[in-house]
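J.: structure of the sequence below:
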Amino acid sequence: MNCSSEVIDYKSTGYFSKMVADYIVANPLLTPFYEHSVSIDGIKSSIQRRKQFDTDRNLLINILNDQYKNVKLSDKQQTYIQQLADNNTFTICTAHQPNIFTGPLYFIYKILHVIKIADDLQKQLADYKFVPVYYMGSEDADLDELGHININGVKYEWKTDQTGAVGRMKIDKTFIELIEKIKAQLLVYPKGNEVGEMIQKHYQKGVTIEQATFHFVNELFAEYGLIILLPDNVLIKRKFLPVINKELSEEFSHKAVDETIKIFPSEYKVQAAGRELNLFYLKDDKRERIQKINSKFQISNSKLDEVEIKKEAEDHPERFSPNVILRPVLQETVLPDVAFVGGGGEIAYWLELKKVFEAVNVPYPMLILRNSFMSVCTDRFEQAKKLNFKISDLFREETLLLNELVSRESSLQLKLEKEKKQLSDLYDQLKKIAGAVDVTLQQHTEALYTQALKKVDALEKKMLRAEKKKYEAQQRQLHKLKSQLFPGGQLQERIDNILVYYAKWGKDFIKNIYDNSLTFEQKFTIIKESC
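T.: Take a look at the predicted model:
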C-alpha cells in the first residue's frame, strides 16, 4: 500500500467548531479552562502533577492481568503491563464506547494517535515510560448511536430488544445475521475473507459486546502494545467510591460545571451541562438515572435515603455508573494518565470539567485533539486535477467550487465589478447634481443607486447560472467527487468503517495510518493511496 500525505489546518476544513480551532492555537479565552499546553513542556508539567496523586498501580495491574488472563499478549503488551508498576510509567489514553465493529473510522484514528504519542514520547523523554490505553465506555446505553455501521454507503443496523448498557448486551441471532450480510459485501476485496472471519471469530452468539469489542480491538492493535481497560468492573468502581459518595451527598459535579459555564466565554457553545446528580444505576439490563427528589434517591422504583443509597454503593459499587460529567474523573482516578486524546466534542466538554477534577483532587491531564484523516485514491487526485482543483480545495461548498470552475474556464465576462464601479461613480455624480437642487434628493438618489445595484447583482447571477449549463459534465464530475470524499456531506472518518479498508489492504491500512499519525501537531491529514 504505497501512499503519500499532506496536512492542512483544521480550521480550513470547515468541519470543526470555533472552540476546537481556538483551542488548537491556544486562544487566551480558553487557557483558564485547562492546565497543560499541548507540547513536551505540557507533558512534563502533567507528569509532575500526576506524581502528586497516589495512583493504585497494583490494583490497575491486577485488573489488567485478570482482563487478559485468557488472551495471548504481545511482547509489547507484556512489557507495558509490567512497566505500569513503576512510578515513572504513565499512560496516554483515549476513550470510546463499544460501537459494533468499532463504528466510524475515527475510533481507529484515536487509538493509533495514543500509540504514536506513547512511542514518540518514549524517544524524547527517556527517563519515563509511556503506555497507550484505550478506555472502553461500555456502560453507555445509546444503542441508536452505537448499533450501526456504514459499508460502501449502506447502513447496517443491529435490531435487538435488549436494553441497558450496550457493553453488557449479548450477540444474538439478529447480530449473527448482520455479520453474514456484511461478510457478503467484503468478499469482493483481497482481504475480505480475512476480516470477515475475524469478526465472526470475535462476535459470537452469547458473547457480550464489551468482550467482542475487547478481543476484536486487541487483535487489531496488540502488536502495537495497546492496553484496553474495561471500567465496568467492581474493583474499579470500589476505588471510585469516595467520588460516588461525594456526588450522592453534595451533587458536587453539577455545581462545579455550573460555575464553569457561568464564566465560560459566550463565543462558545456549552457542550455538557450535565444533571444535578451525574450518576446512573446499572443493574442487569437497566441503566437508569439516579434522581434525588425531596431528600430521597429514586432508583429501580425504590426510594432510598442517603444512608441506604450509600450502603447500596458500598455493597454494590459496580451498580453505580458515572455519566459524561464524571466518567473522565473515573478514568483519571484509575490510570496514571498524563494526556487524553479526544475528538472535537470531547475536548469541548472536557474544557468544562476542570473544576470537577479540582473538587476531588484528581489530576487533570493534557488534552489533545485526535488526529483526523481523509484517505483518497490516486484516481480521485487525478479527477480533481482535471477540474483544476486540489483535494484540499474540495472541503469548500460545492456551489462555490462550481462557481469558481465556471468563472475560471469560461471565456466570457461573468463578473461585473468594473460596471458596478462605473455605476457607483455615476450615482455619486447624480447625487451631487441632485443635491445642488435640493439636499433632500441626495437620499432619494442613494436609494435609486441601491435598487440599481441589486438589479446588476441579479443580472450577474443570471449570467453565471446560464453559463453553468455549458459545464454540466464538469458539474456532474465535481458532484460525484464530493460525494465520494464526503459521504452524506460529512467527513469520511465520521461515516466509513474500518472493515472495508481492512478488506482492501489488511493490516497495511493500520500501519499506514500509524506511519502518518502526528503527535502534538494537531493538523488534518490527507493520505494519497495507490488503488
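J.: switch to C-alpha atoms for all contacts and neighbour counts from now on
T.: Will do.
J.: and the gap between G343 and K116?
T.: Distance from G343 to K116, counting by Cα to Cα, to the nearest Å: 16 Å.
J.: no, scratch that, I was asking about V195
T.: Counting by Cα to Cα - V195 and K116 are separated by 24 Å.
J.: L453 - that's part of a helix, no?
T.: Yes: under DSSP: H, G, I helix; E, B strand; the rest coil, L453 sits within a helix.
J.: can you tell me the element the closest residue to H254 other than its chain neighbours falls in?
T.: Leaving out its chain neighbours, the residue that sits closest to H254 by Cα to Cα, 6 or more residues apart in numbering is E276, at 5.2 Å. E276 belongs to no helix or strand when assigned by DSSP states H and E.
J.: phi and psi next, for E276.
T.: E276 adopts backbone torsions of phi -60, psi -30, taken as degrees, to the nearest 10.
J.: pLDDT at it, what is it?
T.: Looking at E276, its pLDDT is 90.
J.: quick check: it touching E251?
T.: Yes: contact criterion Cα atoms under 8 Å: E276 and E251 qualify, at 6.2 Å.
J.: quick one: pLDDT of L186?
T.: For L186, pLDDT reads 96.
J.: equivalent analysis for Y427, please.
T.: What the model reports for Y427 is a pLDDT of 76.
J.: which residue packs closest to it, ignoring adjacent ones?
T.: For Y427, the spatially nearest residue (Cα to Cα, 6+ apart) is Y449, at 6.2 Å.
J.: got the contact list for stretch 16-34?
T.: 10-11, 37, 265, 268, 344, 347-348, 351-352, 354, 364, 366-367, 369, 522 (Cα atoms under 8 Å, 6 or more residues apart in numbering).
J.: er, stretch 389-401 actually
T.: By Cα under 8 Å, 6+ apart, the surrounding residues in contact with stretch 389-401 are I8, S12, T13, G14, F381, A384, L478, H479, K482.
J.: just name the closest of those residues to E247, please.
T.: G14 (38.9 Å; Cα to Cα).
J.: so how far is Q522 from that closest one?
T.: Looking at G14 against Q522, where the rule is Cα to Cα, the gap reads 15 Å.
J.: compare these two (neighbour count), which wins?
T.: Using other Cα atoms under 10 Å as the criterion, G14 and Q522 rank with Q522 on top: 21 against 13.
J.: give me the distance between that one and Y156.
T.: Distance check for Q522 against Y156: by Cα to Cα, it reads 32 Å.
J.: and what of R50?
T.: 43 Å.
J.: for the two, indicate the residue with more neighbours.
T.: When R50 and Y156 are compared for neighbours, R50 comes out ahead with 22 against 15, by other Cα under 10 Å.
J.: helices of the stretch 51-200 of the chain, start to end?
T.: Counting by DSSP state H, counting those that start in this stretch, the stretch 51-200 of the chain has helices at residues 57-67, 75-83, 106-124, 143-146, 173-186, 192-202.
J.: what mean pLDDT does the second one have?
T.: Going back to what we said before, that points to helix 75-83. Mean per-residue pLDDT for helix 75-83: 98.
J.: residues of it that come out buried?
T.: Going by neighbour count (16 or more other Cα atoms under 10 Å), the buried part of helix 75-83 is K76, Q77, Y80, I81, Q83.
J.: residues touching the last one, list them.
T.: Residues in contact with Q83 (Cα under 8 Å, 6+ apart) are T89, K129.
J.: any idea which of the contacts of stretch 389-401 is the one closest to D258?
T.: Of all the contacts of stretch 389-401, D258 sits closest to G14, with 29.8 Å by Cα to Cα.
J.: and S45, what does it touch?
T.: Neighbouring residues of S45 by Cα under 8 Å, 6+ apart: H36.
J.: got the angle between the host helix or strand of it and helix 106-124?
T.: S45 belongs to helix 40-51 when elements are defined using DSSP H and E. With axes from the mean of the first three to the mean of the last three Cα atoms, to 10 degrees applied, the angle from helix 40-51 to helix 106-124 works out at 90 degrees.
J.: can you list the low-confidence ranges for this protein?
T.: Applying pLDDT under 70 to the chain flags residues 1-2, 272, 409-417, 419-420, 423, 459-460, 463-471, 531.
J.: give me the domain ranges for it.
T.: As recorded under automatic domain parsing, the domains making up the chain are 3-238+325-370+497-529, 379-489.
J.: now render these as a markdown table, adding distance to I309.
T.: Formatted as a markdown table, the domains of the chain follow (distance: least, Cα to Cα, whole Å):
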| stretch | distance to I309 |
| --- | --- |
| domain 3-238+325-370+497-529 | 15 |
| domain 379-489 | 47 |
